[in-house]
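**Student:** Sequence first, then the predicted structure:
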Amino acid sequence: MDNSFDIKAVDAYLKAHLPGYHGPLEATKFEVGQSNPTYLLRTAAQTYVLRRKPPGVLLKSAHAVDREFRVQRALANSTVPVPQMYLLCEDDGVIGSAFYVMEHLQGRIFVDPVMDGEDNATRAGAVDEMNRVLAELHMVDIDAAGLADYGPPGNYFERQIARWTKQYRASETDTIPAMNQLIAALEHQIPQEDNQRTLVHGDYRIDNLMFDANGTTCIGVLDWELSTIGHPYADLAAVIMQWQLPPGKEGRGLAGVDRARLGLPSDEAFIADYCARRGLPGIDNFGFYLAFNFFRMAGILQGVYKRALDGNASDPARARAFGAYVPIFAKHGLSAIENA
């Protein structure tokens with residue numbers, strides 16, 4: 001399906017609702033982003049970014065661009081860098097689905113943690129900054145930010161496992177034994193609640209951060225679709241999950257990479273630095289949190305695959321290929337929880 005939109009309708013809407021906006025308008029779709037299609041908007045005077053819900057029939061609660069807009073607006077002027085939010089349009093009649101417009105940050109994104117072509121100082125600096133920003137994110141005062149109700153109360157992992165199991169079942173196309181085993185193992189080993197109830201990003205990884213053009217200062221945390229109020233170890237384990245994948249275009253991980261030679265930290269060192277920044281003594285049963293992330297990513301990939309079959313994917317050819325990764329992530333998750 002073509003995910004383009006009526007540019008004249010957007011131009012008219014921005015003229016009516018965005019102070020200082022002047023057309024005419026041009027739009028180019030970013031290649032990245034399987035979930036919510038994202039576009040660069042250009043005018044003679046300024047550039048913006050538009051992010052929308054995909055068209056078509058969607059799973060309930062998925063693609064919540066209104067939540068993305070809310071959390072980033074709440075973090076303005078906080079210790080967590082985010083783009084400036086300009087406006088949210090929840091009227092499906094404008095382009096067929098809700099969308100928001102935000103600042104176009106101009107910096108650089110490292111596509112994967114290997115950061116091929118960079119020197120060791122840049123690699124080390126970027127990963128340390130990634131660690132620092134993650135700790136800052138988890139120390140945001142959610143009451144002061146107006147985000148106390150951004151996620152329901154109760155055990156975060158119990159809630160998330162139930163939610164993503166439901167999402168997975170709704171998009172299930174084949175029986176995957178490893179996925180069924182992983183779901184059962186996670187449900188059986190949910191940790192008891194502790195006093196950590198923080199903002200969580202939900203998809204924290206280096207390619208969802210933008211750094212300044214000539215250094216390693218983070219200027220924006222991007223892609224907040226999965227954000228909520230929950231448990232911070234889910235975000236921390238998401239970083240480690242990606243690093244356990246193979247390097248290269250699809251895995252974008254660090255499996256088999258000589259990290260010391262590249263100036264990159266071990267999993268243990270990254271976790272220790274995070275704990276030091278947050279004043280934590282350490283983390284028990286980290287394998288559960290890692291397994292949870294493999295499970296959730298498998299569920300996300302299954303949803304992308306199902307949208308491709310239904311004709312609603314942002315990048316249909318690539319989305320169809322994601323179906324093959326679901327059992328692989330499920331097996332990684334089983335290994336993580338069995339070795340916890």
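**Tutor:** Received, thanks.

**Student:** what are the ranges of the helices in the stretch 51-200 of the chain?
**Tutor:** Applying DSSP state H, counting those that start in this stretch to the stretch 51-200 of the chain gives helices spanning 65-74, 120-138, 156-171, 177-188.

**Student:** export these to JSON lines and tack on distance to residue 80 and mean neighbour count?
**Tutor:** In short, each C-beta sits where N, CA and C put it, glycine included. Converted to JSON lines, the helices of the stretch 51-200 of the chain look like this (distance: least, C-beta to C-beta, whole Å; neighbours: other C-beta atoms under 10 Å):
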{"stretch": "helix 65-74", "distance to residue 80": "9", "mean neighbour count": "20"}
{"stretch": "helix 120-138", "distance to residue 80": "5", "mean neighbour count": "19"}
{"stretch": "helix 156-171", "distance to residue 80": "19", "mean neighbour count": "18"}
{"stretch": "helix 177-188", "distance to residue 80": "28", "mean neighbour count": "17"}
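
**Student:** Around residue 209, how many other residues sit close by?
**Tutor:** As a burial measure, residue 209 scores 23 neighbours (other C-beta atoms under 10 Å).

**Student:** so who does it touch?
**Tutor:** By C-beta atoms under 8 Å, 6 or more residues apart in numbering, residue 209 lies in contact with 109, 110, 129, 130, 133, 218, 220, 221, 222.

**Student:** pLDDT below threshold where in this protein?
**Tutor:** Residue ranges of the chain with pLDDT under 70: 1-3, 32-34, 55-63, 313-314, 340.

**Student:** for the residue nearest to the spatial centre of the chain, phi and psi?
**Tutor:** Centroid check for the chain by C-alpha atoms, centre = their mean gives residue 203 as the closest residue, at 2.8 Å. Dihedral pair for residue 203: phi -150, psi 50, per degrees, to the nearest 10.

**Student:** how close does it sit to residue 141?
**Tutor:** 22 Å (C-beta to C-beta, to the nearest Å).

**Student:** what's the answer for residue 30, then?
**Tutor:** Counting by C-beta to C-beta - residue 30 and residue 141 are separated by 32 Å.

**Student:** Tell me which stretches of the stretch 151-300 of the chain form strands.
**Tutor:** Assigned by DSSP state E, counting those that start in this stretch, the stretch 151-300 of the chain shows strands spanning 198-200, 209-211, 218-221, 228-230.

**Student:** Residue ranges of each domain in this protein, please.
**Tutor:** The record assigns the chain these domain ranges, following automatic domain parsing: 7-103, 120-338.

**Student:** Verify the stated contact: residue 17 with residue 87.
**Tutor:** Yes: between residue 17 and residue 87 there is a contact under C-beta atoms under 8 Å: 5.6 Å.

**Student:** Check which helices and strands the longest helix along the chain sits against.
**Tutor:** Secondary structure assigned by DSSP state H gives helix 286-310 as the longest helix of the chain. Contacts defined by 3 or more C-beta pairs under 8 Å, 6 or more residues apart in numbering; DSSP states H and E place helix 286-310 against helix 156-171, helix 177-188, helix 233-243, helix 316-321, helix 326-338.

**Student:** Compile the strands of the stretch 151-300 of the chain into TSV and extend it with columns for distance to residue 26.
**Tutor:** Compiled in TSV, the strands of the stretch 151-300 of the chain are given as follows (distance: least, C-beta to C-beta, whole Å):
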stretch	distance to residue 26
strand 198-200	35
strand 209-211	22
strand 218-221	23
strand 228-230	35
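
**Student:** Which one of these lies nearest to residue 295?
**Tutor:** strand 228-230 (14.8 Å; C-beta to C-beta).

**Student:** Can you list the strands that that closest one pairs with?
**Tutor:** Strand 228-230 has these partner strands in its sheet, going by DSSP bridges: strand 198-200 (antiparallel).

**Student:** Give me the contacts around the strand it pairs with.
**Tutor:** 71, 137-140, 142, 145, 147, 150, 156, 227-232, 234-235.

**Student:** Tell me how far residue 31 lies from residue 109.
**Tutor:** Separation of residue 31 from residue 109 (C-beta to C-beta) stands at 12 Å.

**Student:** When the two are compared, which one has more neighbours?
**Tutor:** residue 109 (14 against 9).

**Student:** Pretty sure the more buried one sits against residue 205.
**Tutor:** No: counting by C-beta under 8 Å, residue 109 sits too far from residue 205 to count as a contact (10.8 Å).

**Student:** Buried subset of the contacts of strand 198-200, written for ChimeraX?
**Tutor:** The ChimeraX command for the buried members of the contacts of strand 198-200 (criterion: 16 or more other C-beta atoms under 10 Å) is given here:
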select :71,137,138,140,142,145,147,150,156,227,228,229,230,231,232,234,235
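
**Student:** contact partners of stretch 283-293?
**Tutor:** 157, 160-161, 182, 185-186, 189-191, 233-234, 236-238, 240-241, 244, 271, 275, 333-334, 336-340.

**Student:** go again using 7 Å as the cut-off
**Tutor:** Identification of contacts with stretch 283-293 by C-beta atoms under 7 Å, 6 or more residues apart in numbering yields 157, 182, 186, 189, 191, 233-234, 237-238, 240-241, 271, 275, 333, 336-337, 339-340.
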